[in-house]
Structures are given as C-alpha cells and as structure tokens.
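[1] structure here, sequence nowhere to be found:
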C-alpha cells in the first residue's frame, strides 16, 4: 500500500532520505526526509536529473560512474555499496552524504531506489579525531622529558605515555579513567584548582601553571604544567592535552621554604602596617565627629543671630527699609536658612558617628507623624500640583520610635520625592508590616528615577549624581546619608528601587520597638542595598 506520493509508508518514515529514479536518472519520487535534507519539495524535483538536484558539481563524475557501474551489472539488479559524495542543498551549501542504490530493476519501468544519509556529524568527528591524534603524535615525538597524556572532556585520563608513567609512577592500567585531580595536593583539590584550570582552558584555549603535584607514592614534585583544550571542527570540546615537566631539581624544597618564609614575613608586616593605618584613620574620623558634635552650639549661635537680626530688619522692626533692601534681606534669610540646614545635617551625621545623638523612643501613631510631615511640605506639593497620597496598614499604625527622628527620615524622603517629581505627579507614603517585629515605610514617586549605576552612590555623604542635578535641584548630598545613619543607629535598614523616567521608591525598615541608639555605624563603602521585594 502506498500513500498519495507513491512512497510506501516504511520508506516515508525511514531515517534516510529515499529517492527513486527511472533508468535515465530522473527523479520519480522524493521522500519527506529527502525534502528536509536538501531543502526542496517533491513537486519541485520530480522529473529532474538527480545529479543536478542533490549532487554538487565536483562530485557529479563520481556519481555518474557509480550509476553506470550499478546499471551495467548482470540483469540490471544490484544491492549497491555506499559511496560518499558531496551533496548540494537548495541554498547552495554543500555537505557530505552516503549514497547507495538499494536495488535496480530491469523489469517494466526500469526504476531504481537510492538511499541518502547525511554524514556531516560523523565526518566532523572523524576529522577532529584525526587532527587530535596527529597533534598528539607530533607532540609526543618532539619531546622526551615530559609526561604527555590526554584527558576526556570531563578531565578523566584517556591516554598515558611512558614519560607520564616515569614522572608520576602510575601504569596505564592504574590511571586510565581516573580524574586528573589525583595529581594535585589535597589543599589544591579542596579549593577546586583542577576544575578551575579546566574551566580556564575551555574558555581561553589553554592554561599554564607551576606548582606542587603528587606522585603515586604520595611524594611531591614541582611541576610545569600546560593544559590545552581540543575541539572538533564544529567547535565542540572533545578533550584536553596535558603536558607536565618535573622541575624539582631547579627548585628544591629548601629554596621554596625560604622564599615562602620571606613572603609570609613581608605579608605580616604589610598587614600590620595596614592595620595601624586603618586604626589611625578610624581614630581621626572619631575625633573629627566628636569635634563637630561638640561644636554644635558654637556653629549655630552666630548663624541664628545673623538670621534673627536680618529677620527684624526684613519685617521693618528696626525702621523702614526700601524695596531693594528688603529683597536683599530676603536673599540673606533664604541663604542663611539653607546654610543652617546644611550645618544641622553635618552635625547630626557627626553625632550619630560619635554616638552622641540621643534617641527617645515613645509610642507614636505613624499616621499622625506622616500627616505632620505632609503638612510642612504641602505648600511645595500645591505649587507643583503634586498629589500626596497616604496608605497606612492598620496592623502597622503604631510603633515605639523617636518621633523627631522619624519625622527627619520622612522629611528627607518626602522632600526629595517632591523635588524630583514633575508637576501633576503623584507621591505616595506607604506603611506596611515587615514581619512581626518591624514596620516598612515607603515613599514612592513618579519622578525622574535613578540609573542602576548611580544607586550605590546614594546614601553616601557628600555624593551627588551629577552637577546638573545639583544645580537644578539644590542638592547637598547629605540628606540621604543622614537618613541612613539615623535608621541604622536604631537597628533598621534603608534602600530603594528605581527606574529612569518612571520614578523611585525609597524605603526604611524600622523595629516596632526601639530600645535606644545602637553602636555607631561607620560607612566605609557605598550602601550595599538588600534585595527588594514588591509589596503585596
């Protein structure tokens, strides 16, 4: 029984391509496998000479000679021996095939069947194997004082020469199939040195190393090792060649021990110097912070006097002033207030670092604290027509925290959000529980957002993302750093998630019950942001 193409179901499902031809060599049937193999459909090739359809020009003489030889046999019937040819796809590319005439019939119809098999993968493997064998043979012939052997792609010993046996003490029967890590001391195996060398050789193509290696009897020798990756023509890794030379005579154990002792001594001295320098830096930083904290009154008092007298003059309390003078006095007040805020931020940072900032925890209603801060900044939101939205989870409405420090954290987050959110934007303050022991406070905006590479520079003292933003928005680089210190001093954490042009969400996780200030924390590197989980 045949299907609508005339090919029997057995041949249609065969793994080889099946092509039937008349006695002139023109195609009468073309199986689905053949269609897929050559990129042509049955309807396109019917009636065409097979040589022009699937045989590359260079291989056509061989094909015609084979066809004539088979058809010239007695009674016109033969089971053909496979011949290798270069085949042609529709797109013009060539590939190797095995072609055989399974049968030829001299009865009516004078037709015969050809079987086609794609042998690209096999030819590639054979070529890679021959190339590897030749390289290895030449390598072995060119050196006599080396242990030379092959590893499979997993690092197991596949070949073993006499030099390897003399160097390492294993016979081929003992070592073939074992992983080459048996040649490494235990300390190297524990830190994964053998696997690391194979990884480097796989990526780079080769790796060279000098170090201690083990013999069969457990003794060690100093080895110069070269490992080279071997790939087939398709680029697939098929194994490694490994060349080892014993250099123990050049580097005896006494020299190694002396050099190691000197290196360790230098390392200890360097470590001690670094430790002393680090101690001096911490001490200088502590003294700086303590000095700034103690200077709080001395720095604020003269500035408050300047602001007080300027405000009296601005309001005309000491006599009338002209319109121009009043404008100048207003500028002085604005600049003084900005300077006072900067001084306050610097002093607060110094207090946290020196451990002199006091925390007075009490039971607070988080919704009330948020509303108080929003009232302070509502004028800015109104001017920019920014909508302020507050969402407080009922299960997280109360906590024992220092209300003034909490307001400072909220003020820094919220003022930043308003500053970097364009007109008619949205700023949302959200409070949710974080486990059983903490609350999570978030300030989300629809502002300009922050690039990933800039996130780690936030929360660091005096760091600004770029001069343009600093000029446009009047940033000092202290607000977020102070926020981080205040939150961490109470046992909390801070962080953010952001996407450029889509907005940012700054958050702080605080314990529900603060027992007072923790030990001062010193920031020695940019903030290591923890992973952020989206809110449910």
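    Perfect, I can see it now. All figures in this text were calculated on a predicted structure; none of them were measured in a lab. Numbers count the residues shown, from 1 in each chain.
[2] correct me, but residue 33 touches residue 18?
    Yes: using CB atoms under 8 Å, residue 33 is in contact with residue 18, at 6.9 Å. Where C-beta positions appear, they are placed from N, C-alpha and C, glycine not excepted.
[3] how near is residue 389 to residue 425?
    Per CB to CB, to the nearest Å, residue 389 is found 11 Å from residue 425.
[4] what does residue 391 give?
    17 Å.
[5] then residue 244?
    Taking CB to CB, one finds residue 244 at 68 Å from residue 425.
[6] more neighbours, those two?
    Each of residue 244 and residue 425 has its neighbours counted (other CB atoms under 10 Å); residue 244 has more, 22 against 19.
[7] isn't there a strand covering residue 223?
    Yes: Residue 223: assigned to a strand according to DSSP: H, G, I helix; E, B strand; the rest coil.
[8] ok, it - contacts?
    210, 211, 212, 213, 244, 245, 246, 247 (CB atoms under 8 Å, 6 or more residues apart in numbering).
[9] next one: residue 483
    408, 409, 412, 413, 459, 494, 508.
[10] give me the mean pLDDT for the helix or strand where it lies.
    Here residue 483 sits within helix 479-489, counting by DSSP states H and E. For helix 479-489, mean pLDDT rounds to 82.
[11] tell me the helix or strand right after that helix.
    strand 493-499.
[12] quick check: buried residues in that following strand?
    493, 494, 495, 496, 497, 498 (16 or more other CB atoms under 10 Å).
[13] backbone dihedrals for residue 391, please?
    Main-chain torsions, residue 391, degrees, to the nearest 10: phi -130, psi 110.
[14] chain neighbours aside, what residue packs nearest to it?
    Leaving aside its sequence neighbours, residue 391 sits nearest to residue 430 (CB to CB, 6 or more residues apart in numbering; 4.7 Å).
[15] not counting the helix or strand containing the one you found itself, show me its contacts.
    Using DSSP H and E, residue 430 sits within strand 426-434. Applying CB under 8 Å, 6+ apart, the contact partners of strand 426-434 are 366-367, 370, 374, 381, 386-393, 395-397, 410, 414, 417-418, 421, 439-446, 509, 535.
[16] circling back to that earlier point, just the contacts of residue 483: which are in helices?
    Among the contacts of residue 483, the members falling in helices (DSSP state H) are 408, 409, 412, 413.
[17] as JSON lines, the residues you listed with pLDDT and distance to residue 280 would be great.
    JSON lines is the format used below for the ones in helices among the contacts of residue 483 (pLDDT from 0 to 100; distance: CB to CB, whole Å):
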{"residue": "408", "pLDDT": "84", "distance to residue 280": "32"}
{"residue": "409", "pLDDT": "89", "distance to residue 280": "33"}
{"residue": "412", "pLDDT": "85", "distance to residue 280": "32"}
{"residue": "413", "pLDDT": "90", "distance to residue 280": "36"}
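[18] checking residue 53 next. Helix, strand or coil?
    At residue 53 the chain is in helix, as set by three-state DSSP.
[19] who are the contact partners of it?
    Contacts of residue 53 (CB under 8 Å, 6+ apart): 27, 38, 40, 45, 88.
[20] equivalent analysis for residue 311, please.
    Neighbours of residue 311 in contact, by CB under 8 Å, 6+ apart: residue 333.
[21] wait, a helix at it?
    Yes: inclusion of residue 311 in a helix is indicated when three-state DSSP is applied.
[22] how close does it get to residue 367?
    Taking CB to CB, one finds residue 311 at 34 Å from residue 367.
[23] would you mind checking the contacts of strand 426-434 for buried ones?
    Here, 16+ other CB under 10 Å leaves 366-367, 370, 374, 381, 386, 388, 392, 396, 410, 414, 417-418, 421, 439-446, 509 buried among these.
[24] from the residues you listed, which land in strands?
    388, 392, 439, 440, 441, 442, 443, 444, 445, 509 (DSSP state E).
[25] identify the bridge partners of the fifth one.
    Pointing back at residue 441 there. residue 431, residue 508 (DSSP bridges).
[26] so who does it touch?
    Per CB under 8 Å, 6+ apart, neighbours of residue 441: 366, 409, 410, 413, 429, 430, 431, 507, 508, 509, 510.
[27] what is the nearest of the residues you listed to residue 130?
    Nearest to residue 130, judged by CB to CB, of those is residue 507 at 63.5 Å.
[28] doesn't residue 498 make contact with that closest one?
    No: the pair residue 507 / residue 498 is not scored as a contact, 11.3 Å apart, by CB under 8 Å.
[29] where does the chain have its least confident helix or strand?
    Least confident helix or strand, the chain: helix 467-473 with a mean of 48, by mean pLDDT, DSSP states H and E.
[30] can you pull the poorly scored residue ranges out of the stretch 301-450 of the chain?
    338, 341-357 (pLDDT under 70).
[31] which parts of it are helices?
    Assigned by DSSP state H, counting those that start in this stretch, the stretch 301-450 of the chain shows helices spanning 323-354, 366-383, 403-420.
[32] measure residue 85 to residue 259 for me?
    In terms of CB to CB, residue 85 sits 64 Å off from residue 259.
[33] okay, those two: which has more neighbours?
    residue 85 (23 against 11).
[34] mind checking the SS state of that one?
    Following three-state DSSP, we place residue 85 in the strand state.
[35] the one 5 residues further on too?
    Reducing the assignment at residue 90 to three states with three-state DSSP gives coil.
[36] burial measure for it, as a count.
    14.
[37] pretty sure it sits against residue 36.
    No: using CB under 8 Å, residue 90 is not in contact with residue 36; the gap is 11.1 Å.
[38] my read is residue 19 is in a helix, agree?
    No: read with three-state DSSP, residue 19 is strand and lies in no helix.
[39] do you know how far it is from residue 29?
    Residue 19 is 7 Å from residue 29, by CB to CB.
[40] ok, residue 128 next?
    Taking CB to CB, one finds residue 128 at 36 Å from residue 29.
[41] got the domain ranges for the chain?
    As given by automatic domain parsing, the domain ranges for the chain are 9-118, 124-251, 257-356, 362-511.
[42] rewinding a little: dump the ones in helices among the contacts of residue 483 into CSV; add neighbour count and distance to residue 190 as well.
    Putting the ones in helices among the contacts of residue 483 into CSV (neighbours: other CB atoms under 10 Å; distance: CB to CB, whole Å) gives the following:
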residue, neighbour count, distance to residue 190
408, 19, 50
409, 27, 47
412, 23, 49
413, 28, 48
